[in-house]
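Asker: Any chance you could fold what I've pasted below:
(one chain, ligands or ions: 1)
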Amino acid sequence: MSAPTDRAPRLDHEWLSRVRAALASADGLIVCLDFDGTLAPIVEDPDDATMLPANRRLLRELVDTPSVTVAVVSGRSLDDLRARVGLTGVHYAGNHGLAFEGPDGREVVEAAQGATRTLDATVETLESRLADVPGCTVEDKGLTATVHTRCVPESAVSTVRETTTAVVDAVDGLECHPGKQIVEVRPAVAVGKDRIVDRLRERRPGACVLAVGDDITDEDAFRAAEPAGFGVLVGDRPTAASVRVPDPQGVTLLLGWLVSTCARHPVQPPS
Ligand SMILES: O=P(O)(O)OC[C@H]1O[C@H](O[C@H]2O[C@H](CO)[C@@H](O)[C@H](O)[C@H]2O)[C@H](O)[C@@H](O)[C@@H]1O
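Answerer: Next up, the predicted model:
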């Protein structure tokens, strides 16, 4: 998949009108939101990441709207994500779409499940090879892992990336993916956040899809949402999304608009 080359314009009235028109002829709305950098501001320690209270309140309101399906789709593990969001009625997807929990229970992509032993051993190797790098941590997420460089001195970041890549390249069945001051270690299966968008769309075929996220992995969800639906980038970089907001506070404004638009002009509830 080639990297996007175009920047997206800032969210404006014209874009909101397009969404309103799409909702008017849609059979429901599916909103897929990323967690870190989208619902929750980016912080130094991943354990400290917390959703903005306004975003939690508005998500609750969307969940309570019959015509709306809400999913939080994250690189975090499913259990970590559910604990941080803490709302019932939300569809949760962890490990970039490898694990999913909806009304019918939990499912994990089989090939990813089969790679957990290899991943465990690789996490151990990475922990030992990176133990002396100040500020470097390895987050073990069961099906995937993250090497964090946000608190690593600038002069050591490239060494951490090279070491991680060398360790992972030597292992069959795992691969590295870029992220925001992280290196993601994932099983080599062609599954991303687009899988969740497609799953939810299969369940509600006439629904309008909105995918919102800040990181590279969210591009998969944008590509799945566009052009019939809408991708919203949080931040500014070349993207497949059609519009951007600057930060999680911008997401709050978008969620507030969705809540009031769905209340004023209810989209069709599922039959
Ligand atoms: O798909 P997401 O919900 O955006 O998850 C992507 C990664 O998010 C977390 O890391 C990011 O947020 C941290 C806390 O703000 C920050 O310190 C780090 O630099 C960011 O990359 C999470 O820790 C990872 O496991 C997720 O893969």
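
Asker: okay, stretch 225-242 in PDB with CA atoms only?
Answerer: Taking Å, rounded to 0.1, in the frame of the first residue of the first chain, the C-alpha atoms of stretch 225-242 are listed here in PDB:
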ATOM      1  CA  ALA A 225     -14.000   4.600   5.200                       C
ATOM      2  CA  GLU A 226     -13.400   6.900   2.100                       C
ATOM      3  CA  PRO A 227     -14.800   7.700  -0.300                       C
ATOM      4  CA  ALA A 228     -18.300   6.500   0.600                       C
ATOM      5  CA  GLY A 229     -17.700   7.600   4.200                       C
ATOM      6  CA  PHE A 230     -15.200  10.000   5.800                       C
ATOM      7  CA  GLY A 231     -11.800   9.800   7.400                       C
ATOM      8  CA  VAL A 232     -10.800  12.500   9.900                       C
ATOM      9  CA  LEU A 233      -7.100  13.000  10.700                       C
ATOM     10  CA  VAL A 234      -6.200  14.300  14.100                       C
ATOM     11  CA  GLY A 235      -3.000  16.400  13.400                       C
ATOM     12  CA  ASP A 236      -1.500  17.300  10.000                       C
ATOM     13  CA  ARG A 237       0.400  15.200   7.500                       C
ATOM     14  CA  PRO A 238      -0.200  13.600   4.200                       C
ATOM     15  CA  THR A 239      -3.200  11.400   4.600                       C
ATOM     16  CA  ALA A 240      -6.100   9.400   3.000                       C
ATOM     17  CA  ALA A 241      -8.500  11.300   5.300                       C
ATOM     18  CA  SER A 242     -10.700  14.000   3.700                       C
END
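
Asker: What are the contacting residues of that stretch?
Answerer: Stretch 225-242 is contacted from outside by 3-8, 11, 15, 18-19, 22, 30, 32, 34, 37-38, 197, 208-214, 218-219, 221-223, 243-248, 250-251, 254, using CB atoms under 8 Å, 6 or more residues apart in numbering. C-betas here are computed from N, CA, C, even on glycine.

Asker: List only those of those flagged as buried.
Answerer: 4, 8, 11, 15, 19, 22, 30, 32, 34, 37-38, 197, 208-214, 218-219, 221-223, 243-245, 248, 250-251, 254 (16 or more other CB atoms under 10 Å).

Asker: pretty sure Val160 belongs to a helix, no?
Answerer: Yes. Per DSSP: H, G, I helix; E, B strand; the rest coil, Val160 lies within a helix segment.
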